[in-house]
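**Q** The sequence isn't on hand, but the structure is:
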């Protein structure tokens, strides 16, 4: 459970969420490419990437003088599995809501 809490906490920041989104869309990128368009410093991106690495959401490898970042599939898989495990709750809740709406619509006015 701590792993999930750490992952959700890391993703609660808009910048970190957008970094994960970009890496999912574009694949592996150097840290410098993750700065573009965000209006923040390299040091700030580095701190965000550290949080994401510690949460198990991204991984880093060194390529020459660059640090390359990519998605850590296992971290995102844990989030997906937790979300899917809650599907029954949401489906049950939506079924109950639908029944209530149908009953209200069938009442004479």
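**A** Happy to help now that I have it. Model, not experiment: these values are computed from the prediction.

**Q** What about residue 40, how many residues nearby?
**A** When neighbours are counted by other CB atoms under 10 Å, residue 40 registers 13. C-beta: built from backbone N, CA, C; applies to glycine.

**Q** Tell me the spacing between residue 30 and residue 49.
**A** According to CB to CB, to the nearest Å, residue 30 stands 11 Å off from residue 49.

**Q** hmm, I was thinking of residue 84
**A** Here the distance between residue 84 and residue 49 works out to 27 Å (CB to CB).

**Q** Compare these two and say which is more crowded by neighbours.
**A** Higher neighbour count among residue 84 and residue 49: residue 49, with 20 against 9, using other CB under 10 Å.

**Q** The more buried one contacts residue 33, doesn't it?
**A** No - in this structure, residue 49 is not within contact of residue 33 by CB atoms under 8 Å, at 11.9 Å.

**Q** All the helices of the chain, in order from the start?
**A** 2-11, 14-26, 31-35, 42-54, 73-85, 87-106 (DSSP state H).

**Q** If you count contacts, what does the shortest one end up packed against?
**A** Just to be clear, that refers to helix 31-35. helix 14-26, helix 42-54, strand 66-71 (3 or more CB pairs under 8 Å, 6 or more residues apart in numbering; DSSP states H and E).
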